[in-house]
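Novice: build me a model:
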Amino acid sequence: MDNIPTTDTSTAPAAPGLLAGKVAFVTGAGRGIGAAAARLFAREGARVLLAARTETQLKAVTTEIRAAGGTADHVVCDLADAASVRAAVDRAVDLYGRLDVAFNNGATIVPPGPMDQIREADFDHIYAVNLKGPWLAMVAEVAAIRATAGTGAIVNNSSVGSLAGNPELPSYGAMKRALNSLTESAAVTYGPEGIRVNAIAPGTTMTEMILAWEAESPGLVERLNAHTPLRRAADPDEIAQAAAWLLSDRSSYVTGTVLRVDGGMRA
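Specialist: Sure, this is the predicted structure:
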């Protein structure tokens, strides 16, 4: 009987966080999926720099993370402004001495409707924020990772709306599909250096963006849930969990993928 193994783990050391020791940069971190990601990354041991346009939101999330014992700071960043994006990434290195991982989550939306009803100004804006912005961020992030940590990981936030025709949000879907292509190209380009690049494609997620779309198209969430095998929308934290895994060393052999996190919507 003395040789029976014990299952008592009360004295076992706590498992390290998924992102322990890493410096993380998160765009669109003032609310929704970005805020959930910033909170999660800090809980998982990362030092986090939050970036977005609205400083009041950034301050609130940063304060919350610090109150919970995490390490975080924030920087105002406009994804449509190249200098602003570069300065935000540089701020992470200035604060923490390095950059290991980045979650390019920030995005905007335009009023839903068919392609011929999109205003040219709206198309230009969604291009600048949802496609050019992540491109600018990836270029700056690769340079920062290369110069400091040496190896690392980047995750771009795409959408299931990029994986098929999107008649209600055609310009949004187009920019996200192009982002998938940039993700794959970056993975091929920087993989030999040890920099992994992936994307996630969330389904219906209860963020301010989906609520705004629901206001324009009442009953939208109910319709989307009817086409989702899990029959519900995601909580932002559920999407952030997928991003955290892809940024962590536990996904060390995953690059160039667009991971659906959609409750089975595109199955």
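
Novice: and the nearest residue to residue 131 once chain neighbours are set aside, how close does it get to residue 129?
Specialist: Nearest non-adjacent residue to residue 131, counting by C-beta to C-beta, 6 or more residues apart in numbering: residue 175, 4.4 Å away. Heads up, the C-betas are built off the backbone N, CA and C, glycines and all. Look at residue 175 and residue 129: by C-beta to C-beta, to the nearest Å, they are 8 Å apart.

Novice: and residue 219, by the same measure?
Specialist: Distance of residue 219 to residue 129, computed by C-beta to C-beta: 27 Å.

Novice: cool, and residue 199?
Specialist: As judged by C-beta to C-beta, residue 199 and residue 129 stand 16 Å apart.

Novice: ok, those two, which is more surrounded?
Specialist: residue 199 (29 against 21; other C-beta atoms under 10 Å).

Novice: average pLDDT for whichever strand or helix holds the more buried one, rounded please.
Specialist: The secondary structure element spanning residue 199 is strand 195-202 (assigned by DSSP states H and E). Mean pLDDT, strand 195-202: 98.

Novice: next structured bit after that strand?
Specialist: Downstream of strand 195-202 (by DSSP H and E), the next one is helix 208-216.

Novice: against which helices or strands is that following helix packed?
Specialist: Applying 3 or more C-beta pairs under 8 Å, 6 or more residues apart in numbering; DSSP states H and E, we find helix 208-216 packed against helix 220-226.

Novice: and stretch 156-170, how far apart are its ends?
Specialist: Start-to-end span of stretch 156-170 (C-alpha to C-alpha, to the nearest Å) is 19 Å.

Novice: so for residue 249, what's the pLDDT?
Specialist: 98.

Novice: what residues are up against it?
Specialist: By C-beta atoms under 8 Å, 6 or more residues apart in numbering, the contact list for residue 249 is empty.

Novice: how far away is it from residue 47?
Specialist: From residue 249 to residue 47 the distance is 16 Å (C-beta to C-beta).
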